[in-house]
Each structure stands twice: as C-alpha cells, then as structure tokens.
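Asker: Quick one: sequence and predicted model below, then my questions.
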Amino acid sequence: TTVNHYTLELTVTEDSISGTGNTSALSFVLKLKSGGYDFAQYGVGASVSLNGTQVAYRDRYNSPQLSIGTYSEITLLSGTTTVAHDSGGGKTIAVAATLDMAKAYYTPGPMSLAGSMALTGIDRAAPTVSFSTSDITQSSITISASANAACNIWQYSLNGGSSWTTFSTSNVTSAKTTLTGLSANTTYNLRVRARKTYNNIYGTSSTVPVTTLGGAILQSVNDMYVDTASAALTFKW
C-alpha cells in the first residue's frame, strides 16, 4: 500500500512444509520504501499479523528512531513463524501489517495493508494397505503386505485390530513376516496396518480370517474284503 510517496510492503514466504506436523514454516519482512521524500530520526511503530495472530511488533515510542533517504527503503520488522493447516491439509491465512507515524508533509502517517495467502496443500490421506497369506502350517502363517505409498511402520494384528505388533520399521512400500508360535487348527482374524512416511497417518487393511492347519486328517480308507486269502487295509492321511 502507498501513501504520500511512501510504500509499505509486506513479503511473506512459505519456506517449508511438514507433512508429519501438518504445518508450514513462514518467514516475513515488512519494509517501508521512500519515493521522493525522506525523513530523519523519526519514531516509527509497526506490526505484522499472520493467520489472525500478531507475530511481530515495533513500539513507536520506545524503539530507536529511524531514518530513510529519498528512493531508499528500511526494514521495519522481520521474523519467522509456523502455521498449522486445517485437518484436510489446506490453509489460507490472513496477512496484515500496520505503520504508525505522526503525519507530516514528508512522512506517510498511519498506514495499513491486508490480504490473504494460500499455503501449499499437505497430503493428509491414509495409505491403502492390503496383504496376502502363504505357507500356512500348524503353528505359522506368512504375511506379505503392501501399500500405495512408502510407510515406515508396519504392524499386524491377530485379533482384528484389538492389539498390534510391529514387524518392520523399514521405509518401504511392501513388507513381509512369518508369524510363529500359533496354535494348531485355530482361526486368527488377521489385519495389517502401516504408517505413511510423509504424514505419519496409518492405513489399515480389511480383516481376513485365516485358520492354521490341524493334526493329520484321515482322507480315505479303501474297501476291505475279509473273505479274500490276504486282506489289506490302506489309510491315507
């Protein structure tokens, strides 16, 4: 904004975003630029507000006096702050600044500016997780899990999600483990979940009931004719 040949300029920069924290790190600089006038040793107050919160303030009466030359600029305030995004990862913030000076023919007097700034959207989606089983025995089941994004914590549940056990902390899109020490002829409600590396959000698979093998099962017995000279009975297990 410009008043009396002076321009108040607020620059806000999004320096980085945090997927795990769902935040943006911002830096800001508030400058006063002079046109065809100058002033020397003048009390200047200023403030900067981002996202509805005052993040920097300069007291007109208790801060060192400032001077500005013709066609030059001075920095009134600068700093950094962190802004939390909405739960969906989006965020538009309000930006505002003020200048507090007593108006004279060579000074701008009170000034203010306001606007808005859209921050970079942050992915808040959970990973899609699935798994398959193989090599089922009386006491073990092998689980092969996969996700549509890199995950750094992989866990399985034997009881449909009531409790979880971590089996990998590798930053990968697939992980495999063999569950041992299981009971024979027992149905386990298997489930897998994984934490997405980018945003620390878990995705969970559906529940799949899997039954371990039991003891040997008699499959068939052949007919036996006892009136033959030599009888034979065959069992298949």
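Answerer: Yep, that arrived.
Asker: any idea which helix or strand comes after the top strand by length along the chain?
Answerer: Identified as the longest strand of the chain according to DSSP state E is strand 141-157. Of the helices and strands lying after strand 141-157 in sequence (DSSP states H and E), the nearest is strand 165-168.
Asker: mind listing what that following strand pairs with, with the direction of each?
Answerer: strand 141-157 (antiparallel) (DSSP bridges).
Asker: Quick one: mean pLDDT over the strand it pairs with.
Answerer: Averaged across strand 141-157, the pLDDT comes to 98.
Asker: in the longest strand of the chain, what's buried?
Answerer: 141, 143, 145-147, 149, 151, 153-157 (16 or more other C-beta atoms under 10 Å). Glycine gets a C-beta too; all of them are placed from N, C-alpha and C.
Asker: Tell me which residues of stretch 15-32 come out buried.
Answerer: Quick answer for stretch 15-32 (16+ other C-beta under 10 Å): 17, 19, 22-24, 26, 28-32.
Asker: got JSON lines for those residues, with secondary structure and distance to residue 165 too?
Answerer: Formatted as JSON lines, those follow (DSSP: H, G, I helix; E, B strand; the rest coil; distance: C-beta to C-beta, whole Å):
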{"residue": "17", "secondary structure": "strand", "distance to residue 165": "32"}
{"residue": "19", "secondary structure": "coil", "distance to residue 165": "26"}
{"residue": "22", "secondary structure": "coil", "distance to residue 165": "28"}
{"residue": "23", "secondary structure": "strand", "distance to residue 165": "31"}
{"residue": "24", "secondary structure": "strand", "distance to residue 165": "35"}
{"residue": "26", "secondary structure": "strand", "distance to residue 165": "40"}
{"residue": "28", "secondary structure": "strand", "distance to residue 165": "46"}
{"residue": "29", "secondary structure": "strand", "distance to residue 165": "51"}
{"residue": "30", "secondary structure": "strand", "distance to residue 165": "53"}
{"residue": "31", "secondary structure": "strand", "distance to residue 165": "57"}
{"residue": "32", "secondary structure": "strand", "distance to residue 165": "61"}
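Asker: which two of those residues lie the greatest distance from each other?
Answerer: The largest separation in the buried residues of stretch 15-32, counting by C-beta to C-beta, is between 19 and 32 at 36.8 Å.
Asker: show me where pLDDT drops low in this protein?
Answerer: 216-219, 228, 237 (pLDDT under 70).
Asker: for it, what spans make up the helices?
Answerer: Counting by DSSP state H, the chain has no helices at all.
Asker: chain center to stretch 85-96, what's the gap?
Answerer: Relative to the chain's own centre, stretch 85-96 is displaced by 15 Å; criterion: C-alpha atoms, centre = their mean, to the nearest Å.
Asker: for residue 2, what are its contacts?
Answerer: Residue 2 sits next to 8, 35 when contact means C-beta atoms under 8 Å, 6 or more residues apart in numbering.
Asker: and what of the one 3 residues further on?
Answerer: Shown in contact with residue 5 (C-beta under 8 Å, 6+ apart): 34-37, 108.
Asker: redo that, cut-off 6 Å
Answerer: When contacts are counted by C-beta atoms under 6 Å, 6 or more residues apart in numbering, residue 5 touches 35-37.
Asker: quick one: which of the residues you listed is nearest to residue 206?
Answerer: residue 35 (67.1 Å).
Asker: Run a quick neighbour tally on the closest one.
Answerer: 13 (other C-beta atoms under 10 Å).
Asker: Check the spacing between it and residue 9 real quick.
Answerer: 13 Å (C-beta to C-beta, to the nearest Å).
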